[in-house]
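Visitor: Predicted coordinates and the sequence they were generated for:
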Amino acid sequence: MRYFFYILFLLSCAFSAVAQYAPQQGLPGSTAISATSSVFVRWATQCSIKRGYIRIDSPSLGYTSYGDSSLALGAPDHSVVSLGDSGVADLTFPGMIYDGPGPDFAVFENGFINPANDSQAYLELAFVEVSSDGINYSRFPARSLTQVNTQIAGTGQYMYANLLNNLAGKYGAGYGTPFDLSELAGISGLDINNITHVRIVDVVGSIGSHATHDSSGRVINDPFPTNFPTGGFDLDAVGVIHHLGTAQVSDLAGGITLTTFPNPVTDKLFYDIKGIADGSAVSLTTISGVVVYQCAASSGKNWIDMEQYPTGMYYLVLQDANGSKWVEKVIRR
Ligand SMILES: [Ca+2]
Ligand SMILES: [Ca+2]
C-alpha cells in the first residue's frame with residue numbers, strides 16, 4: 001500500500017509539472033479571438049520597427065528584411081513584417097486602451113496549424129509589453145512549458161499552444177492572442193486604464209547562449225535558427241477591444257471642468273474633474289433621480305463600474321459645497 005501512495009505521489013508531481021494553458025484555436029477552452037470578431041473596435045494606426053538579426057549568433061548575415069511597418073497597421077490581412085531575432089515593434093492607436101472586463105487587446109501573427117494534429121502549430125513567439133507614457137514599458141508575465149532539451153528547428157516542427165501563456169503568436173494566422181491588462185495591475189508608473197503604447201519583442205527561441213526566458217526564468221524554446229529574411233516574429237496586426245476615445249470636456253463654471261469618457265459606456269465610465277473645491281460630491285442617478293453611486297469629488301481621474309447597472313440613461317451629477325449642481329447625461333449600453 002505504501003508503494004501505491006508513493007506512485008500516486010510521483011504521478012501527481014508529473015501532472016503538476018505539465019500545467020496547461022488555453023489550447024490552439026478551434027479547440028474547447030481556446031482563448032483565440034477571430035480577426036473578424038466584433039470585439040475589436042480599433043486597430044494600430046502607427047508602428048515603428050527595430051529589426052533584429054536574421055540569426056543573432058551570426059550578425060554578419062544582417063537583419064531581417066521582409067515586409068515593412070505599414071503591414072502591422074489596420075485589421076489582420078496576412079501581410080506581415082518580420083521582426084528577426086530580438087526585433088521590436090512599437091505600436092500606437094487612436095486614443096488609449098483601458099482595462100475592461102477580460103482581454104483588452106490582441107496580437108496577430110501568421111502561424112499555421114499542423115494538418116495532421118490540430119492541437120499543434122508552427123509558431124513564432126514574442127513578448128508583449130505596454131506603456132502609459134511611451135517611455136516605461138511593463139512586460140506581461142510570459143510562460144513557456146515547452147521542453148528545453150531539444151532545440152525546435154527553424155522549419156517543419158510544431159508546438160503546443162497549451163504550453164504557452166502571455167506570448168503573442170501562440171495562435172495561428174487569423175486568430176489573435178489576447179492580453180488582459182488587469183494582470184499588470186499595481187505596477188508603479190503604469191496606468192492600466194490609459195495604455196498609449198504596445199511593444200512586441202521577438203523571443204529569440206534559442207536554448208543556447210542567446211536564450212530568452214519567461215517570467216519564471218525558464219528558457220523559451222521556439223523555432224531557431226530562422227535564418228531567412230522572414231525570420232522571427234511576423235507581426236500582422238494588433239486589435240483594441242477596450243478603447244478610450246476622445247474625451248468629452250464640459251466647462252462648468254469658474255474654471256471647473258468635468259470630462260467624461262467613454263459615453264455611451266458599457267463598463268468603466270471614467271470622469272476627470274479639474275478646479276473643484278473641497279467639499280464637493282459626485283453622484284450618479286437614474287433618470288427618475290434615484291442615487292445609485294455617490295462619492296466625494298476629488299480632482300483627477302476616477303471611474304465608476306457601470307456594468308452593475310441596467311442599460312439606459314443616467315445623470316452624472318457634480319455638486320459643490322455651496323449647492324451648485326452640474327449634470328451630464330450618461331448612456332449605459
Ligand atoms: Ca481587462
Ligand atoms: Ca497585416
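Guide: Received it, and whenever you're ready, just let me know what you need. Numbers count the residues shown, from 1 in each chain. Ligands and ions are numbered 1, 2, ... in the order given.
Visitor: List the beta-bridge partners for Asp234.
Guide: Ser82 (DSSP bridges).
Visitor: what number of residues lie near it?
Guide: 27 (other C-beta atoms under 10 Å). All C-beta spots, glycine's among them, are computed from the backbone N, C-alpha and C.
Visitor: show me the contacts for it.
Guide: 66-67, 80-83, 109-110, 124 (C-beta atoms under 8 Å, 6 or more residues apart in numbering).
Visitor: Beta-bridge partners for the closest residue to Ile187 other than its chain neighbours, please?
Guide: Among residues not flanking Ile187 along the chain, Ser138 sits closest, at 5.0 Å (C-beta to C-beta, 6 or more residues apart in numbering). Beta-bridge partners for Ser138, by DSSP bridges, are Val130.
Visitor: Asp272 too?
Guide: Thr259, Lys301.
Visitor: Based on its surroundings, how many neighbours for it?
Guide: Neighbour tally, Asp272, other C-beta under 10 Å: 16.
Visitor: Okay, buried residues for stretch 197-213 please.
Guide: For stretch 197-213, burial by neighbour count (16 or more other C-beta atoms under 10 Å) applies to 197-207, 210-212.
Visitor: Stretch 211-228 too?
Guide: 211-212, 214, 219-228.
Visitor: quick revisit: tell me the pLDDT of the residue nearest to Ile187.
Guide: Looking at Ser138, its pLDDT stands at 98.
Visitor: Next one: it from Phe105, what distance?
Guide: 14 Å (C-beta to C-beta, to the nearest Å).
Visitor: In terms of neighbours, single out the busier of these two.
Guide: Each of Ser138 and Phe105 has its neighbours counted (other C-beta under 10 Å); Phe105 has more, 29 against 20.
Visitor: Write down the beta-bridge partners of the more buried one, one by one.
Guide: Here Phe105, judged by DSSP bridges, has bridge partners Phe179, Val240.
Visitor: From ligand 1, how far out is it?
Guide: Distance from Phe105 to ligand 1, counting by C-beta to the ion, to the nearest Å: 9 Å.
Visitor: if I look at that residue, how far off is Asn162?
Guide: From Phe105 to Asn162 the distance is 22 Å (C-beta to C-beta).
Visitor: thinking again about what came up before, ok, so of the buried residues of stretch 211-228, who is nearest ligand 1?
Guide: Asp214 (21.2 Å; C-beta to the ion).
Visitor: got a list of what the residue positioned nearest the centre of the chain touches?
Guide: Nearest to the mean C-alpha position of the chain, by C-alpha atoms, centre = their mean, lies Phe179 at 3.2 Å. Contacts for Phe179 (C-beta under 8 Å, 6+ apart) come out as 103-107, 128, 130, 140, 166, 168.
Visitor: will you turn the buried residues of stretch 211-228 into TSV that also has secondary structure and distance to Gln24?
Guide: Formatted as TSV, the buried residues of stretch 211-228 follow (DSSP: H, G, I helix; E, B strand; the rest coil; distance: C-beta to C-beta, whole Å):
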residue	secondary structure	distance to Gln24
Ala211	coil	24
Thr212	coil	22
Asp214	coil	19
Val219	strand	22
Ile220	coil	18
Asn221	coil	17
Asp222	coil	15
Pro223	coil	16
Phe224	coil	21
Pro225	coil	24
Thr226	coil	21
Asn227	coil	26
Phe228	coil	24
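Visitor: so which pair among the residues you listed is furthest apart in space?
Guide: The most widely separated members of the buried residues of stretch 211-228 are Asp214 and Phe228, with 25.5 Å between them, by C-beta to C-beta.
Visitor: Closest to ligand 2 out of the contacts of Phe179?
Guide: Nearest to ligand 2 among the contacts of Phe179, with distances taken as C-beta to the ion, is Val107, at 11.4 Å.
Visitor: about what we covered before: okay, who's weakest in the buried residues of stretch 211-228 by pLDDT?
Guide: Lowest pLDDT among those: Asn227, 85.
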